[in-house]
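# pasting the sequence and the predicted coordinates here, then a few questions.
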Amino acid sequence: MDRINQKLTLQSADGKLQGQIENVNFSRGIFSSDVRYDVVMTHAPDNVRYTVSFVGKLYHGPLTVNNFSFALFSAEMSVEKKRTNAKLV
């Protein structure tokens, strides 16, 4: 997780935007697992935080249930709809 957070910060165009992945939640099931996490970007000069929440499902292999293909896993992820982004999602 630390390596991903470092890469998010390095990919900032001006170096003033810091990225973090927070609130990671993974609930394993028999054929699939539920995943939820937040990508938090902080603009350093203003100290303004932007948060985008993602939710999804990972289907376990070797035969994934969602599309019946042979794979280690298959993922379906989307932006979580909230009051703050309801018009965008």
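Now that the structure is in, tell me what you want to look at.
# tell me where the model's unsure across this structure.
Residues of the chain that meet the criterion pLDDT under 70 lie in 1, 5-15, 63, 65-69, 71, 84-89.
# mind doing that once more with 50?
Nowhere does the chain drop to pLDDT under 50.
# so where do the strands sit in it?
17-28, 32-43, 48-60, 73-79 (DSSP state E).
# for the residue in the chain sticking out farthest from the centre, grab phi and psi.
Distance from the centre of the chain peaks at residue 45, with 25.0 Å (CA atoms, centre = their mean). The phi and psi values for residue 45, taken as degrees, to the nearest 10, are phi -60, psi -40.
# what is the neighbour count of the residue nearest to it when sequence neighbours are not counted?
Leaving aside its chain neighbours, residue 45 sits nearest to residue 16 (5.8 Å; criterion: CB to CB, 6 or more residues apart in numbering). Glycine gets a C-beta too; all of them are placed from N, C-alpha and C. Using other CB atoms under 10 Å, residue 16 is surrounded by 12 other residues.
# OK, contacts around residue 16?
Contact analysis of residue 16 by CB atoms under 8 Å, 6 or more residues apart in numbering lists 43-45.
# hang on, the earlier thing: just send the strands of the chain back as CSV, with distance to residue 3 and mean neighbour count too.
Output for the strands of the chain, formatted as CSV (distance: least, CB to CB, whole Å; neighbours: other CB atoms under 10 Å):
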stretch, distance to residue 3, mean neighbour count
strand 17-28, 11, 13
strand 32-43, 15, 16
strand 48-60, 18, 16
strand 73-79, 20, 14
